[in-house]
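Asker: Sharing a model prediction with you, sequence too.
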Amino acid sequence: MRGWWRKLHLWLGLILGLWLSLIGLTGSLLVFYHELEERVHPTTFAVAPQPEGEVAFRPFHDVYRAIQDDMPAGAQFGSIFYPRTLASSWWGRYTVPDGSQAGLWYVFVDPYTAQVLDRWRVKEEEQWFRREFSGFLYDLHYKLLLPGDIGIPLVGIIALLALVSVGFGVYLWWPKKGKWSQALSFKRGASSPRFIFDLHNVSGIYLLPVLVAVLLSGVYFNLPEQFYWVVKQFSPNTAEHYGYRSLSILPAPDAKPIGPVRAFDIAQKNFPEGRPEFLSNAQTSDSAYRVCNKQVSSVSTFADNRCIHIDQYSGEIRWFSASGTQTGGDIFAHWQLPLHSGKAFGLPGRILVFLSGLALPILFITGVIRWLQKQKVKTKISKRQFS
């Protein structure tokens, strides 16, 4: 059977390797997407920092009002990112459903003055890529720039097959008794083929836990229904509202939303620990506001972000991270985003995810070279036998 596993590992690698390399490289860059955008667009994503303690950020309701005043009639507020550092701007998003300005827009607000710095339409008419660099990388990473109904499940299937290939690779790598040091290192003074062989093995095995976590969470994001179906076989009471999903809310007759500002205040009043990171609007009549804080040490030993889901009509907190009501499946699903981004372990975690993305093209290139080397040897043997 070992020969069959080797062939399956080989052909999965050859077929999927180029796409996985592209997904891995874009994923590595997206680990630092905020920092990347501040470099690429220093006048919108970034501002001149003020001396800490001398000039405070303007309150959230001033920033939200500035965004509302900037939005054209009929536009719907989507979400907003809190300034990442003292030199970062507020980054808001809204959607214009129709007309000459139809599309997704970004708006940037100075945190010290609450003045709008700039606004973009993410895609201009006839433009096939998003204006912000990380958005272009995200579309490439998440759906290979294909239409969503094709690209999103395709990338999920690629991640699933990559997990299978990784499993075959571990089986083929597994050393015989007493040869662990040889399997976990480079052979000194080795020939070029041996060096390629060792590089392929070492780059994969040392990052194996990270690769498995990143690929599995990729399945979670791109094939969520299938992912939850499997999880529910082990944890039947698992809910399906974590990540980008929202709680289902039944509004009372004539109920009116409390608004993002009130939701933000409720979240900060009840969970003041850490610092704000993100607020997502209730996009439909039966969804919830989502407010996230980072640097929250009480959530868990490794993850430092907490998200609160708030009823858009009553202001009731419907769910929050580490609420003590989750099933094992809930916790498993909730961990997929921080594991995929590397935020689960802070900066070391982000670096590991960055390296795992680089490992994918290395595994592909060394695998192809190793295969070509073997083909060359087989050709020489065949010629000798024929002669």
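Answerer: It's in.
Asker: contacting residues for residue 134?
Answerer: Contacts for residue 134 (Cβ atoms under 8 Å, 6 or more residues apart in numbering) come out as 29-30, 33-34, 36-37. All C-beta spots, glycine's among them, are computed from the backbone N, C-alpha and C.
Asker: Let me have these in JSON lines, extended by secondary structure.
Answerer: Shown next, in JSON lines, are these (DSSP: H, G, I helix; E, B strand; the rest coil):
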{"residue": "29", "secondary structure": "helix"}
{"residue": "30", "secondary structure": "helix"}
{"residue": "33", "secondary structure": "helix"}
{"residue": "34", "secondary structure": "helix"}
{"residue": "36", "secondary structure": "helix"}
{"residue": "37", "secondary structure": "helix"}
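Asker: can you map out the strands along the stretch 101-250 of the chain?
Answerer: With DSSP state E, counting those that start in this stretch, the ranges of strands along the stretch 101-250 of the chain come out as 103-109, 116-121.
Asker: Of those, which is nearest residue 169?
Answerer: Between residue 169 and the strands of the stretch 101-250 of the chain, the shortest gap by Cβ to Cβ is with strand 103-109, which sits at 39.7 Å.
Asker: I would like the residues contacting that closest one, please.
Answerer: With Cβ under 8 Å, 6+ apart as the criterion, strand 103-109 contacts 44-45, 63, 66-67, 70-71, 75, 78, 89-96, 115-123, 132.
Asker: right, and the strands of the stretch 101-250 of the chain - which one's nearest residue 307?
Answerer: That would be strand 103-109 among those, by Cβ to Cβ, at 21.7 Å.
Asker: on that earlier part again, go ahead and build a PyMOL selection from the buried members of the contacts of strand 103-109.
Answerer: Selection of the buried residues among the contacts of strand 103-109 in PyMOL, burial being defined by 16 or more other Cβ atoms under 10 Å:
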select buried, resi 44+45+63+66+67+70+71+75+78+89+90+91+92+93+94+95+96+116+117+119+120+121+122+132
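Asker: quick one, helices of this structure?
Answerer: Secondary structure of the chain (DSSP state H): helices located at 2-30, 33-40, 60-70, 133-143, 148-173, 180-183, 192-205, 208-222, 224-234, 260-270, 328-334, 336-341, 346-386.
Asker: now the stretch 151-300 of the chain, which segments are flagged as low pLDDT?
Answerer: 240-252, 299-300 (pLDDT under 70).
Asker: sorry, that was for the stretch 1-150 of the chain
Answerer: 52-54, 124-129.
Asker: go with 80
Answerer: Applying pLDDT under 80 to the stretch 1-150 of the chain flags residues 49-55, 100, 123-132.
Asker: starting at the chain centroid, how far to stretch 305-317?
Answerer: Stretch 305-317 has its C-alpha centroid displaced from the chain centroid by 23 Å (Cα atoms, centre = their mean, to the nearest Å).
Asker: Now do that stretch: distance from first to last residue.
Answerer: Across stretch 305-317, the terminal residues are separated by 17 Å (Cα to Cα, to the nearest Å).
Asker: Count the neighbours of residue 225 for me.
Answerer: Neighbours of residue 225 under the rule other Cβ atoms under 10 Å: 8.
Asker: Now do it against residue 283, distance only.
Answerer: Using Cβ to Cβ, to the nearest Å, residue 225 is found at 19 Å from residue 283.
Asker: what do you get for residue 377?
Answerer: 59 Å.
Asker: out of those two, which sits in the busier spot?
Answerer: residue 283 (16 against 11).
Asker: Spatially, what comes nearest to residue 373 if we skip its sequence neighbours?
Answerer: residue 193 (5.0 Å; Cβ to Cβ, 6 or more residues apart in numbering).
Asker: separation between the one you found and residue 17?
Answerer: 19 Å.
Asker: quick one, which of these two is more surrounded?
Answerer: Each of residue 193 and residue 17 has its neighbours counted (other Cβ under 10 Å); residue 17 has more, 20 against 14.
Asker: and the gap between the residue lying closest to the more buried one once chain neighbours are set aside and residue 154?
Answerer: Distance criterion Cβ to Cβ, 6+ apart; nearest residue to residue 17, sequence neighbours excluded, is residue 364 at 3.4 Å. Computed with Cβ to Cβ, the distance linking residue 364 and residue 154 is 18 Å.
Asker: Same question for residue 268.
Answerer: Counting by Cβ to Cβ, the gap between residue 268 and residue 154 amounts to 40 Å.
Asker: go on, residue 45?
Answerer: Using Cβ to Cβ, we find residue 45 at a distance of 30 Å from residue 154.
Asker: Likewise for residue 329?
Answerer: The gap separating residue 329 from residue 154 is 26 Å, by Cβ to Cβ.
Asker: Which one's more surrounded, these two?
Answerer: Under the criterion of other Cβ under 10 Å, the comparison of residue 329 against residue 154 puts residue 329 first, with 21 against 15.
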